[in-house]
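1. how does the following fold in three dimensions:
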Amino acid sequence: MTPPHQRTGSFARRVFDAAQADVVFVPFFATLSAEMQLANAKGAFKKKVGNEDYERQRQVVDLVKNTEAWKRSGGRDHVFVLTGYVKT
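-> Residues are numbered from 1 along each chain as shown. Got it, this is the predicted structure:
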């Protein structure tokens, strides 16, 4: 991670080595996943077998928590996208 004294006047740039990153973006859009589940399940939305949204979210959490980047910071430097419901 960038030492604090080097952050002044810094700029954002993408890196491919998580060890060089100050922030880790997790590209999973939970609201879209939930909307897909609601559309397919006719409004039924529970943590149960067959809930594809719950399964997708569980897979993302398991995958991310097993990365070195997550273990290094406990997720404090990870960014997840959270939005309101998608308007149709």
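
2. only C-alpha atoms, please: export the longest strand along the chain in CSV.
-> The residue-count maximum for a strand in the chain (DSSP state E) belongs to strand 24-29. The C-alpha trace of strand 24-29 is given here as CSV (Å, rounded to 0.1, in the frame of the first residue of the first chain):
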residue,chain,number,x,y,z
VAL,A,24,-9.8,-3.1,-4.0
PHE,A,25,-13.0,-2.8,-6.1
VAL,A,26,-15.3,-5.9,-6.0
PRO,A,27,-17.4,-5.8,-9.2
PHE,A,28,-20.5,-7.5,-7.9
PHE,A,29,-23.7,-5.6,-8.2
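
3. so which other helices or strands are in contact with that strand?
-> helix 52-65, strand 78-81 (3 or more CB pairs under 8 Å, 6 or more residues apart in numbering; DSSP states H and E). From N, CA and C alone the C-beta is placed, and that goes for glycine too.

4. same thing but at 7 Å, please
-> Packing contacts for strand 24-29, counted by 3 or more CB pairs under 7 Å, 6 or more residues apart in numbering; DSSP states H and E, involve strand 78-81.

5. what comes up buried for the strand it packs on?
-> By neighbour count on 16 or more other CB atoms under 10 Å, the buried set for strand 78-81 is residue 78.

6. could you do stretch 11-28 as well?
-> Those would be 21, 24, 26, 28, for stretch 11-28 by 16+ other CB under 10 Å.
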